[in-house]
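Asker: sequence isn't available, so here's the structure alone:
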């Protein structure tokens, strides 16, 4: 599910972005200019544009440029990405790769595609967001992931995808982890091991993130009431939904509107 989308010119040299964790996986594509991330205690290389930088949600990084520099960027933030990308980000800290002209055109098309869905979400908006997230992830992983991965990792990733898909389809019923495990034919203990192996997080953490990020998307639809959104993501009491959403997002549900 998407959290943030933006594009345009950035004057990071004069107005740098201070280092802070985004809380979502960040894809920032620098189309032109010298914008680059900065991390306290690290001297990151300058990579000539066009270039894609990908950071995990817990990465404390900012953005800078040479004095007077102007860069043109595309920024995508996603709460949930494929476990394979998550593992690479955990192991490497970030991913960076230069883009060719065809890839630049593709990413610009993704931005144009998603902007209407962010302004006014529709029923199929989550599917389009998932599609773009998959396309960006494939682009980021090009040349990074070996052709042959360990079979145990592949099985874990596959089972986690099945579990999250099963949970998403039954979100309004608020399935427990035990029910999810039964739905994908594994024990709860084994499901936990698979999630930790594929994502580094417990199934409770991943499913909670999926549940509340879906709620955030639905809340942007002005035609839905907070109570209706609460029911769609499996909360029988609006007060319980409000508490959970505030703890996760930092603001109450009605403030998203």
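Answerer: Perfect, thanks for sending it. Keep in mind it's a predicted model, so treat the numbers as computed, not measured.

Asker: neighbouring strands - and their directions - for the one helix or strand residue 61 maps to?
Answerer: Per DSSP states H and E, residue 61 falls inside strand 60-64. Sheet neighbours of strand 60-64, with direction, are listed as strand 17-21 (antiparallel), strand 36-38 (antiparallel) (DSSP bridges).

Asker: winner for burial among those?
Answerer: Among those, strand 36-38 has the highest mean neighbour count (mean count of other Cβ atoms under 10 Å), at a mean of 21. From N, CA and C alone the C-beta is placed, and that goes for glycine too.

Asker: who touches that strand?
Answerer: Outside of strand 36-38, the residues that reach it under the criterion Cβ atoms under 8 Å, 6 or more residues apart in numbering are 16, 19, 28, 30, 44-47, 53, 55, 61-65, 94.

Asker: same question, stretch 105-119
Answerer: With contact meaning Cβ under 8 Å, 6+ apart, stretch 105-119 is reached by 2, 5, 7, 29, 31, 52, 74, 76, 99, 125, 128-129, 132, 135-136, 139, 220.

Asker: if we go to 7 Å?
Answerer: Under the criterion Cβ atoms under 7 Å, 6 or more residues apart in numbering, residues 2, 5, 7, 29, 74, 125, 128-129, 132, 135-136 lie in contact with stretch 105-119.

Asker: quick one on the thing from earlier: of the strands paired with strand 60-64, which is nearest residue 195?
Answerer: Distances from residue 195 to each of the strands paired with strand 60-64 were compared by Cβ to Cβ, and the smallest falls on strand 17-21, at 21.3 Å.

Asker: tell me the helix or strand right after that closest one.
Answerer: Beyond strand 17-21 on the C-terminal side, the first helix or strand identified by DSSP H and E is strand 25-32.

Asker: partners of that following strand, with directions?
Answerer: Listed by DSSP bridges, the sheet partners of strand 25-32 and their directions read strand 51-55 (antiparallel), strand 71-78 (antiparallel).

Asker: please consider this matter closed, and thank you.
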